[in-house]
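> Make a model of this:
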Amino acid sequence: MAWIYSAGDSGFETPYGTWPFFTNAIIADGKIYSANGEHSPTTPLPRGWKLHCIDAFTGEGIWNITGGGAPAAVADGYLTFDDRYDGYMYVYGKGKSATTVTAPDVVVPKGTGVVIKGTVLDQSPAQPGTPCVSKDSMATQMEYLHMQKPIDGMWHNLTITGVPVTITALDSNGSPTEIGTVTSDGYYGTFSKTWTPTAEGDYKIIASFAGDDSYGSSAASTTISVGPAPAQIELPEQVTPPDYTMTIIFGVIAVIIAVIISVAIAVLLLKKR
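Now for the predicted structure:
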């Protein structure tokens, strides 16, 4: 036996302690696709059935998603699957993505930071305009969108993450500057990055998503114009006022001496009388 794969602990949901595999399996591209099911399932159907994608060589689970039924066919990178929970036919495969990017549409002074922002959105027929998400968040996102599951998972302990977006600036000579790579927001599909141009001129700003196992790639561009830095304001030199501290001190001392002399003279005069 090369490996063993288990669908997990079913508790008291089934009499087997796990969710059995009853339907056929489809093998394509080194992966096995099979779903949980039974010959004579109860009504309502047991909870916890899933469609599983398994590495055919290692037995490691690659992904799974809620659904009971049977995979029907694989062609051109797409898998068809009939879900007995809701009666729908689903098609699993790589979807299209769409990237947008914007930047300030006014001339910005050199040395001023600009905010570059945009979106990366799913264009698949079943959920166009929704955020593209990472492969680790795909099952959570699809179950939320199509199977009435909570957006943070059944146990409210999952966080949806987005996809990496690379932002590049091309100057008027076509020389590239890598501004950086950011991760889009998994809940809204938005991204942003602050950049401070170091030279004047017009720049083409390109935001690109390289794609992954779930989405095709996409990119978009915009432009910004950088003008001269603001002229520095020269403040007049402040004249340092003269320091009269010692003069005041000497004056006070002179007054004290004069008072002492006056008192001494008065005392002498009184003694002569």
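> And the helices in the stretch 101-250 of the chain?
138-146, 245-272 (DSSP state H, counting those that start in this stretch).
> check contacts around Ala103.
Neighbouring residues of Ala103 by CB atoms under 8 Å, 6 or more residues apart in numbering: 114-117, 205, 222-224. For every residue, glycine as well, the C-beta is placed using N, CA and C.
> For Ala229, which non-adjacent residue is spatially closest?
Leaving aside its sequence neighbours, Ala229 sits nearest to Lys110 (CB to CB, 6 or more residues apart in numbering; 4.2 Å).
> And Pro20, how close does it get to Glu38?
For Pro20, the distance to Glu38 equals 6 Å [CB to CB, to the nearest Å].
> Same list (the contacts of Ala103) but as TSV, adding distance to Gly186.
What follows is the contacts of Ala103, written out as TSV (distance: CB to CB, whole Å):
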residue	distance to Gly186
Val114	25
Val115	20
Ile116	19
Lys117	16
Ile205	23
Thr222	23
Thr223	29
Ile224	27
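> Restricted to strands, list these.
114-117, 205, 222-224 (DSSP state E).
> Now list the buried members of those residues.
By the neighbour-count criterion of 16 or more other CB atoms under 10 Å, those include these buried positions: 114, 116-117, 205, 222, 224.
> circling back: out of the contacts of Ala103, who's nearest Ala7?
Set against Ala7, the nearest of those by CB to CB is Lys117 (42.3 Å).
> neighbours around the closest residue to the closest one other than its chain neighbours, how many?
Using CB to CB, 6+ apart and skipping the chain neighbours, the partner closest in space to Lys117 is Ser192 (4.0 Å). Neighbour count of Ser192, defined by other CB atoms under 10 Å: 14.
> which residues sit in contact with Ser192?
Going by CB under 8 Å, 6+ apart, Ser192 touches 115-118, 182.
> could those go into a markdown table alongside distance to Thr161 and pLDDT?
A markdown table is the format used below for the contacts of Ser192 (distance: CB to CB, whole Å; pLDDT from 0 to 100):
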| residue | distance to Thr161 | pLDDT |
| --- | --- | --- |
| Val115 | 22 | 97 |
| Ile116 | 20 | 98 |
| Lys117 | 18 | 98 |
| Gly118 | 17 | 98 |
| Val182 | 12 | 98 |
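> The residue nearest to Lys117 and Phe81: what is the separation?
Here Ser192 is placed at a distance of 37 Å from Phe81 (CB to CB).
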